[in-house]
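Participant: Could you look at this predicted model? Sequence included:
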Amino acid sequence: MISDATTQLLLASFEEEGSELEITRHEQAEQIAYDLGYFEFIASSKSEITNPFDQPNLQQSWDNGYTKSAIDNKNRDHEILEKQLWENTIGVESHQTQYSLAALSLFNIAEHTGDTQIEHRAKQLAHEMMSYNEESPPSPERQQEIDQFLSQQALRLSQSIDI
């Protein structure tokens with residue numbers, strides 16, 4: 001796809017400057033770069049990703065796509081976990097399922113709270129919960145902290161909806 005964007009720029013250079021075809025080819029190249037940036041964020045788990053383009057307009061389009069994807073997919077872990085739960089573990093009573101359900105609840109709390117401290121702590125606990133399984137359960141102290149945090153949030157929720 002990188003070569004597709006570069007090819008469009010090369011073809012644009014053969015067109016009459018300012019012509020509709022030249023403009024269209026530039027737009028196509030920029031759209032390809034944008035799409036590559038967008039899907040790079042979704043496909044990558046790496047912390048450092050490099051922009052593959054040399055041309056400034058394509059670099060900017062790729063960056064715009066990557067940034068847009070980061071915004072659109074900010075709750076990606078939450079969505080992945082929810083999909084996995086519904087597809088693979090619904091109706092299964094295992095420790096892993098319970099940890100995953102707790103993580104999903106924590107992600108939901110983080111998504112809907114207005115308090116940044118609670119959001120941060122809920123996400124932190126959710127990521128921890130995703131790493132636990134039957135062979136590697138949380139320590140009793142950690143389990144107590146998780147239970148306490150969830151019960152506090154349940155109490156706040158019930159008070160806010162007047163149960």
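Facilitator: Yep, it's here. Residues are numbered from 1 along each chain as shown.
Participant: so Pro35 touches Trp62, yeah?
Facilitator: Careful, residue 35 is Asp and not Pro. No: Asp35 lies out of contact with Trp62 (Cβ atoms under 8 Å); the separation is 9.1 Å. Every residue, glycine included, has its C-beta placed from N, CA and C.
Participant: Same drill for those two, tell me which one is more crowded.
Facilitator: When Asp35 and Trp62 are compared for neighbours, Trp62 comes out ahead with 27 against 17, by other Cβ atoms under 10 Å.
Participant: Alpha carbons only: can I get stretch 100-111 in PDB?
Facilitator: The C-alpha trace of stretch 100-111 is given here as PDB (Å, rounded to 0.1, in the frame of the first residue of the first chain):
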ATOM      1  CA  SER A 100     -12.500 -11.300  32.700                       C
ATOM      2  CA  LEU A 101     -16.000 -10.300  33.800                       C
ATOM      3  CA  ALA A 102     -14.400  -8.200  36.600                       C
ATOM      4  CA  ALA A 103     -12.100  -6.600  34.100                       C
ATOM      5  CA  LEU A 104     -15.000  -5.800  31.800                       C
ATOM      6  CA  SER A 105     -16.900  -4.200  34.700                       C
ATOM      7  CA  LEU A 106     -13.800  -2.200  35.600                       C
ATOM      8  CA  PHE A 107     -13.400  -1.000  32.000                       C
ATOM      9  CA  ASN A 108     -17.100   0.000  32.100                       C
ATOM     10  CA  ILE A 109     -16.600   1.900  35.300                       C
ATOM     11  CA  ALA A 110     -13.500   3.700  33.800                       C
ATOM     12  CA  GLU A 111     -15.500   4.600  30.700                       C
END
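Participant: list the buried ones in that stretch?
Facilitator: Neighbour-count burial for stretch 100-111, counted by 16 or more other Cβ atoms under 10 Å, picks out Ser100, Ala102, Ala103, Leu104, Ser105, Leu106, Phe107, Asn108, Ile109, Ala110.
Participant: Quick check: mean pLDDT of the helix or strand the first one falls within?
Facilitator: Counting by DSSP states H and E, the element that carries Ser100 is helix 95-112. Per-residue pLDDT values across helix 95-112 average out to 75.
Participant: Report all helices and strands that it contacts.
Facilitator: For helix 95-112, the elements it packs on are helix 76-84, helix 116-131, helix 140-160, judged by 3 or more Cβ pairs under 8 Å, 6 or more residues apart in numbering; DSSP states H and E.
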